[in-house]
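Undergrad: sequence first, then the predicted structure, then my questions.
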Amino acid sequence: DGIKHVAMGTLYSLQHVGYTIPPQADAGWIGEAGPGPSYGDAREDGDGYVGYDNDFTRRNATFATWNMLHFARMLKDAGGIPSHGNSNDLWNEGHRFDAPNPEYR
């Protein structure tokens, strides 16, 4: 569907340029097709907001939020992603980070 397609392209693009993406980092709400209120719009009867009562959206947004918070804590506690195995300079100098070329065995 459209939400998954947009999330797929966006999250892939972000990780490709260096962002760290936690698992299940997307959430969306489609609502009724066609014209009408958008997510978060006040209901016409004044009783809350459109979409806030959708269990699927609430669950995915909650999981995404907690996974982002957990991932941020893990990265902070570890001082970021370790550089071992992630250095272009060392790779260009011949280091292979414990993954030797099997042709040289």
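TA: Here it is on my side, so go on.

Undergrad: from now on I want contacts and neighbour counts done on CA atoms only, so please keep to that.
TA: OK.

Undergrad: quick one: contacts for the residue most central in space within the chain?
TA: With distances taken as CA atoms, centre = their mean, the residue of the chain nearest its centroid is A25 (3.4 Å). Applying CA atoms under 8 Å, 6 or more residues apart in numbering to A25 gives the contacts 63-65, 67-68.

Undergrad: out of those, which is nearest to V6?
TA: Comparing these against V6 with CA to CA picks out A64 as the nearest, at 15.6 Å.

Undergrad: mind checking which helix or strand that closest one is in?
TA: Take DSSP states H and E as the rule and A64 turns out to sit in helix 55-78.

Undergrad: looking at that helix now, give me its mean pLDDT.
TA: Across helix 55-78, pLDDT averages out at 94.

Undergrad: low-confidence stretches in the chain?
TA: 1, 33, 104-105 (pLDDT under 70).

Undergrad: tell me where it has helices.
TA: With helices called from DSSP state H, the chain shows them at 2-16, 55-78, 88-92.

Undergrad: just the buried positions in the last one, please.
TA: Read it as helix 88-92. Neighbour counts using 16 or more other CA atoms under 10 Å place no residue of helix 88-92 among the buried ones.

Undergrad: let's have the chain start at 2 instead
TA: In the new numbering, first residue 2, that becomes helix 89-93.
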